[in-house]
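# structure, please.
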Amino acid sequence: MTAKPTKLTATQEAILKAAAKRPDGDIEPLPSNVTPGVRQRVIDGMLSRALVIRFPGGVHRISHHGYESIGMTPPTDGQTAIDAALAKTRSGTKQETLLKLLSRREGASIDELAEALDWQRHTVRGTMSHTLKKRLGLAITSEKGEDGVRRYRVG
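Numbers count the residues shown, from 1 in each chain. Okay, here's the model as predicted:
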């Protein structure tokens, strides 16, 4: 266990502790004291302090820093590597979009990535090989589904 480097509100601490118990680290459902009127402010505050990370589809998961803030050691799976890579990436970039799509549970196909990024398929493959694997040190796995489509994931 590590020391608590960040001062948290009681609500933030409750959200992070609940998320840490979930296998996917999702912060939902939020505690009952977080009403719909303050929900977005609470989430925005946690995002600005890097306690959680926003993923496509409006999903928010506890970050590496979030685990440390509640005195827990982050899990040593691919999620920690993704958090570290996202922390190095500027917000709103195509690299951030690529990482978030590849970190989804179902991953993404080359065609989905090319469409989302407005890139050619060979550019997607090259970026995964060079930038994500070699530069950021991420492990990228691929599986061919029953539909015959190869899907890629980080972690």
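# distance from stretch 127-145 to the middle of the chain?
How far stretch 127-145 lies from its chain's middle: 15 Å, per Cα atoms, centre = their mean, to the nearest Å.
# surely Arg54 meets Ser48?
No - if you go by Cβ atoms under 8 Å, Arg54 and Ser48 don't touch, sitting 11.2 Å apart. (Each C-beta comes from the backbone N, C-alpha and C, glycine too.)
# the two: which is more packed in?
A count of neighbours by other Cβ atoms under 10 Å puts Arg54 above the other of Arg54 and Ser48, at 17 against 9.
# next SSE downstream of the worst-scoring helix or strand of the chain on mean pLDDT?
None of the helices or strands of the chain scores lower by mean pLDDT, DSSP states H and E than helix 78-88, at a mean of 68. Counting by DSSP states H and E, the element after helix 78-88 in chain order, helix or strand, is helix 94-102.
# what about the chain, any weak spots by pLDDT?
1-5, 56-57, 76-81, 83-84, 87-88, 155 (pLDDT under 70).
# how's it carved up into domains?
10-69, 78-154 (automatic domain parsing).
# the closest residue to Lys133 other than its chain neighbours: neighbouring residues, count only.
Leaving aside its sequence neighbours, Lys133 sits nearest to Ile140 (Cβ to Cβ, 6 or more residues apart in numbering; 6.0 Å). If you count neighbours by other Cβ under 10 Å, Ile140 ends up with 15.
# wouldn't Ile140 be in contact with Arg151 here?
No - here Ile140 does not reach Arg151: they are 11.0 Å apart, not a contact under Cβ under 8 Å.
# ok, and the closest non-adjacent residue to Phe55?
Lys100 (5.3 Å).
# distance of that neighbour relative to Arg54?
Plainly put, Lys100 is 8 Å away from Arg54 if you go by Cβ to Cβ, to the nearest Å.
# same thing with Ser129?
Look at Ser129 and Arg54: by Cβ to Cβ, they are 26 Å apart.
# Arg153 in helix, strand or coil?
strand (DSSP: H, G, I helix; E, B strand; the rest coil).
# give me the distance between the residue lying closest to it once chain neighbours are set aside and Lys133.
Using Cβ to Cβ, 6+ apart and skipping the chain neighbours, the partner closest in space to Arg153 is Gly107 (3.6 Å). Going from Gly107 to Lys133 by Cβ to Cβ gives 15 Å.
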